[in-house]
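>>> sharing a model prediction with you, sequence too.
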Amino acid sequence: MNMGKHQRRATRVPNDTDPGIISKVPVDILIRTICNWNNIEPADLLSGSRKSDVREAKNLIAYFLTLREELFLFRICKLTGHKNHASVIHARNLVEDLMDVYPMYKCNLKLMFETLNLYTKKRVTHDFNILKRAV
């Protein structure tokens, strides 16, 4: 895929993590997981709130979604409540810069990757059992 310099995907990830994990996790699960991690409701993302916990969750979701190859920046804007593609690019760069500067932030991001990786491993066994019980 031929991308301009601003269309590049997020490239910096914590050590020993596979960015391909993110493409296996459904977008709604990714959003709910990060919202739970930051103790906010998913509806708060679209509320226009400028509180630090909402802003951090938006930035993290934008970062994780830029790891997915099938999503364009415009679609990520709609999912996270960012105003335009430049906001998503800024969020991605901000998370990457915070990883470089703060080791604890990088550690927390690595824990998020591991949490999402656990979901991808457990997901196959859970979905069908839930559906059978509901019928």
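On my side now, so go ahead.
>>> hey, where'd the helices end up in this protein?
21-24, 27-37, 52-66, 73-80, 85-101, 103-134 (DSSP state H).
>>> please report how far Asn39 lies from His90.
Asn39 sits 24 Å away from His90 when distances are taken as Cβ to Cβ, to the nearest Å. Quick note: C-beta positions are derived from backbone N, CA and C, even for glycine.
>>> which of these two has more residues huddled nearby?
His90 (13 against 8; other Cβ atoms under 10 Å).
>>> distance of that one from Leu111?
For His90, the distance to Leu111 - Cβ to Cβ - is 24 Å.
>>> for Leu71, give me its contacts.
Shown in contact with Leu71 (Cβ atoms under 8 Å, 6 or more residues apart in numbering): 27, 65.
>>> show the pLDDT at it.
Reported pLDDT at Leu71 in the predicted model: 85.
>>> equivalent analysis for the one 4 residues further on, please.
Looking at Arg75, its pLDDT is 90.
>>> okay, now it: neighbour count?
Other residues close to Arg75 by other Cβ under 10 Å number 15.
>>> sweet, I'm off.
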